[in-house]
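Visitor: predicted model, plus sequence, below.
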Amino acid sequence: MLALGDLSDEAYDKAWDVIMIDGPEGYYAEAPGRMSVIFSAAVMLRARMRYGVTHVLVHEVHRKVEKNYAEEFLCMKYMVKAEGRLWHFEIPHAAKLNARKTIYKFLCDALHGWDD
């Protein structure tokens, strides 16, 4: 399962202003890495209907898997700054992206590299 299963519906329903991704660890074979967290953050921010942006900060993007997931699910066109091992994305609210698209469509688009 790609998304975090132990978060409440309330966590997914909030209009987050900032999401900081700095765990879990991923620097040794048994560590889970940040893949599920990055994907879950993408689900949360694409559900935001309140105007404004969500700032997403992803730490440790020098690792291949974290980098690939951040590029795919947070979309490079929304990256505003990269410094060292930290990337900063500004993701617009869902209504601005396209009011007719559903959350499911956003997820499918992210999985297949949607670009408007």
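Guide: Cool, got the structure.
Visitor: and the helices in the chain, which stretches?
Guide: Secondary structure of the chain by DSSP state H: the helices cover 9-13, 35-46, 64-74, 94-98, 103-111.
Visitor: could you tell me the least trusted of those?
Guide: Of all the helices of the chain, mean pLDDT reaches its minimum on helix 103-111 (a mean of 57).
Visitor: so what's the residue count around residue 25?
Guide: Using other Cβ atoms under 10 Å, residue 25 has 12 other residues around it. Just so you know, the C-beta spots here come from the backbone N, C-alpha and C atoms, and that holds for glycine as well.
Visitor: ok, it to residue 12 distance?
Guide: Taking Cβ to Cβ, to the nearest Å as the measure, residue 25 falls 24 Å from residue 12.
Visitor: now do residue 5
Guide: 11 Å.
Visitor: with neighbour numbers in mind, choose between the two.
Guide: residue 12 (15 against 8).
Visitor: residues contacting that one?
Guide: Neighbouring residues of residue 12 by Cβ atoms under 8 Å, 6 or more residues apart in numbering: 40, 43-44, 47.
Visitor: same deal with residue 16?
Guide: Neighbouring residues of residue 16 by Cβ under 8 Å, 6+ apart: 44-45, 48, 54.
Visitor: just residue 83 next, same as before
Guide: No contacts exist for residue 83 under Cβ under 8 Å, 6+ apart.
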